[in-house]
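Asks: build me a model:
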Amino acid sequence: MGYANIHLKGGKVTPAFQLALFDAANRAGMTVNEFVLMATAERLVARGVAIPGVFRPGDIKGTMAA
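Replies: Numbering: from 1, shown residues only. Presented below is the predicted three-dimensional model:
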């Protein structure tokens, strides 16, 4: 399995949202990119999407395996 780059463009947020995002990522000890990708993964797993080979068991909140 390889890796793929994700190029996200055009995302504009309010200054308050930006501040909250950077603060939450900092508190979690992650970069903003890591924080956003983890939040996305948590949402996908909650919807029943399997993401094999990416996360280790317990990486995603509320799951034993990913």
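
Asks: helices and strands around whichever helix in the chain runs longest, which ones?
Replies: When the chain is parsed with DSSP state H, its longest helix is helix 32-46. The elements that helix 32-46 packs onto, with contact taken as 3 or more C-beta pairs under 8 Å, 6 or more residues apart in numbering; DSSP states H and E, are helix 15-27. The C-beta positions use only the backbone N, C-alpha and C, and glycine is treated the same way.

Asks: coming back round to it: I'd like the distance from the longest helix of the chain to the chain centre, please.
Replies: Put simply, helix 32-46 sits 2 Å off its chain's centre (C-alpha atoms, centre = their mean, to the nearest Å).

Asks: in it, which residues are buried?
Replies: Applying a neighbour-count criterion of 16 or more other C-beta atoms under 10 Å, one finds Phe35, Val36, Met38, Ala41, Glu42, Val45 buried in helix 32-46.

Asks: so where's the protein uncertain?
Replies: Scanning the chain for pLDDT under 70 picks out the ranges 1, 62-66.

Asks: from the centre of it, point out the most distant residue.
Replies: Distance from the C-alpha centroid of the chain, by C-alpha atoms, centre = their mean, peaks at Pro15 (20.3 Å).
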